[in-house]
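> Need the 3D shape of this:
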Amino acid sequence: MQAVAIVGSEEDAREAWTAMNRINAPWAAVFESNRLVGIVNKKDLDAFIRVPEVFQEVGKVAKTGLPAKRSISLSPSTDLNEAVLRLEMTGADAGFVEGIGRPHGVMEMDAANRVLSGSS
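As a prediction, the model looks like this:
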């Protein structure tokens with residue numbers, strides 16, 4: 001699982017990029033109120049880290065077809081097999097794992113499948 005910064009959908013791309021770098025996270029989970037809008041990675045934001053696009057709201061970036069990963073929310077207690085099944089059923093590439101008593105994270109479908117198949 002990889003680290004993830006939590007950002008609001010109204011924050012601009014530069015603020016999201018800064019939040020990710022502050023904790024060395026390759027991902028940002030974008031929330032609108034308490035609803036997960038999507039997850040974006042640094043590659044998704046790179047195009048917006050130039051003036052004037054730097055002020056593009058990250059929520060708009062997450063809602064476009066641009067993000068590299070489609071995501072769903074997962075509980076930290078979700079069994080890995082169940083998590084992969086939910087990802088497959090929803091067509092998601094990654095799951096945002098809500099951190100209850102521990103840091104939030106992102107689980108990518110490819111990495112989960114490697115673990116289940118026994119390869120690294």
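> From now on I want contacts and neighbour counts done on CA atoms only, so please keep to that.
Will do.
> what's the pLDDT at the most centrally placed residue in the chain?
Nearest to the geometric centre of the chain sits Ile39, at 2.9 Å (C-alpha atoms, centre = their mean). Here the pLDDT value assigned to Ile39 is 87.
> which secondary structure element contains it?
Here Ile39, judged by DSSP states H and E, is contained in strand 35-41.
> Check which element follows that strand along the chain.
Strand 35-41 is succeeded, C-terminally, by helix 42-46 (DSSP H and E).
> which parts of that next one are buried?
Within helix 42-46, the residues that qualify as buried by neighbour count (16 or more other C-alpha atoms under 10 Å) are 42, 44-45.
> Could I get the full set of helices for the chain?
In the chain, helices defined by DSSP state H lie at 13-22, 42-46, 58-63, 80-90, 109-117, listed in chain order.
> deepest of those helices, which one?
helix 58-63 (a mean of 23; mean count of other C-alpha atoms under 10 Å).
> would you turn the helices of the chain into a markdown table with distance to Gln2 and mean pLDDT?
Conversion of the helices of the chain to a markdown table gives the following (distance: least, C-alpha to C-alpha, whole Å; pLDDT from 0 to 100):
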| stretch | distance to Gln2 | mean pLDDT |
| --- | --- | --- |
| helix 13-22 | 12 | 90 |
| helix 42-46 | 13 | 80 |
| helix 58-63 | 18 | 65 |
| helix 80-90 | 15 | 90 |
| helix 109-117 | 10 | 84 |
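> can you redo the ones you listed as CSV with distance to Arg70?
Formatted as CSV, the helices of the chain follow (distance: least, C-alpha to C-alpha, whole Å):
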stretch, distance to Arg70
helix 13-22, 18
helix 42-46, 12
helix 58-63, 9
helix 80-90, 9
helix 109-117, 10
